[in-house]
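Enquirer: Can you look at this prediction? I've put the sequence above it.
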Amino acid sequence: MNSQRIRERWQGDTKPFVFRLSDGTRVPVLHPDLMMMPPGIGLIIAYSKNGVVTQIDPLHVVAIEEVPPRKARANGKHRR
C-alpha cells in the first residue's frame, strides 16, 4: 500500500483501525497516538495497549480495515 495513503488514514481520523498485512496478520491501531511513521526509515511502528511494539514495512500493508463501532449491551453500557 502507498505510504501516503497510510499517512492520510493515520492523520485523518481518531477512530481505531487495523492494518491487514500480506501474511494475513492483523495489527490493530486503537488510536493514532499509538502509531508513528518516522520520516526517512520506511517503517510503521504500532504500539498495542499492553506495550507490544510492532514494526511494519508499508509494502506489506494490503488493507486498512475500519473497526466497527461497539454495540451497547441491553443495560446501555459498552463491552470492554
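Expert: All right, it came through fine.
Enquirer: Distance-wise, check Thr25 relative to Arg70.
Expert: For Thr25, the distance to Arg70 equals 23 Å [C-beta to C-beta, to the nearest Å]. For glycine as for every other residue, the C-beta is placed from the backbone atoms N, C-alpha and C.
Enquirer: Ignoring the adjacent residues along the chain, who's closest to the residue nearest the centre of the chain?
Expert: Centroid-nearest residue in the chain: Val29, 2.9 Å away (criterion: C-alpha atoms, centre = their mean). By the measure of C-beta to C-beta, 6 or more residues apart in numbering, the closest residue to Val29 outside its immediate chain neighbours is Met35, 4.9 Å from it.
Enquirer: Ok, Arg20 next?
Expert: The shortest distance from Arg20 to any non-neighbouring residue, by C-beta to C-beta, 6+ apart, is to Ala63 (4.2 Å).
Enquirer: Point me to the helix or strand that includes the one you found.
Expert: Applying DSSP states H and E as the criterion places Ala63 in strand 61-66.
Enquirer: Give me the sheet partners of that strand and which way each runs.
Expert: Taking DSSP bridges as the criterion, strand 61-66 sits next to strand 17-21 (antiparallel) in its sheet.
Enquirer: For the partner strand, which outside residues touch it?
Expert: 9, 26-29, 44, 46, 56, 60-67 (C-beta atoms under 8 Å, 6 or more residues apart in numbering).
Enquirer: just stretch 22-32 next, same as before
Expert: 10-11, 13-14, 16-21, 35, 46, 48-49, 54, 56, 60-62, 65, 67.
Enquirer: roughly how far apart are the residue nearest to the centre of the chain and Pro39?
Expert: 19 Å.
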